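A.B. asks: Build me a model:
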Amino acid sequence: QVQLVESGGRVVQAGGSLRLSCAASGLPFTNYHMGWFRQAPGKERAFVAAILWSGSLTYYADSVKGRFIISRDNAKNTVYLQMNTLKPEDTAVYYCAAMLSLRGSSRLRVVADYDFWGQGTQVTVSS
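C.D. replies: The predicted structure is shown next:
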């Protein structure tokens, strides 16, 4: 049974930092690209960042580029999202997701192309 378990979400003041973690189990982790998405109330789930199975390339939404860093530790089956200079508009439920690497890397920003999802972790940025 595949499980993706996010952690690290909490309330933080604007300008602060958080690191989210996503621990994967039940799947061959290095066969999967990993992504982070977020969903704010009343909005669709949106791409935040992605990283290839090898960790060699990363991708970011324009809204977080330069502030967020995605990384992975394949020995620990874990992907991270370091979030810096947080803004109130970053408030959302953050989800990690896994995409089989055989799908390629051209659709890492597409919600529907991911194979597995976590339950999400709430991040609230207060102004």
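
A.B. asks: Summarise which helices and strands the helix or strand in which residue 24 is found is packed against.
C.D. replies: Using DSSP states H and E, residue 24 falls within strand 18-25. With contacts defined as 3 or more C-beta pairs under 8 Å, 6 or more residues apart in numbering; DSSP states H and E, strand 18-25 has these neighbours: strand 3-7, strand 32-39, strand 78-83, strand 92-100, strand 121-126. C-betas here are computed from N, CA, C, even on glycine.

A.B. asks: so residue 30 sits in a helix?
C.D. replies: Yes: per DSSP: H, G, I helix; E, B strand; the rest coil, residue 30 lies within a helix segment.

A.B. asks: nearest spatial neighbour of residue 80, skipping sequence neighbours?
C.D. replies: Nearest residue to residue 80, sequence neighbours excluded (C-beta to C-beta, 6 or more residues apart in numbering): residue 71, at 4.9 Å.

A.B. asks: and what of residue 102?
C.D. replies: Closest to residue 102 by C-beta to C-beta, 6+ apart is residue 31, at 7.8 Å.
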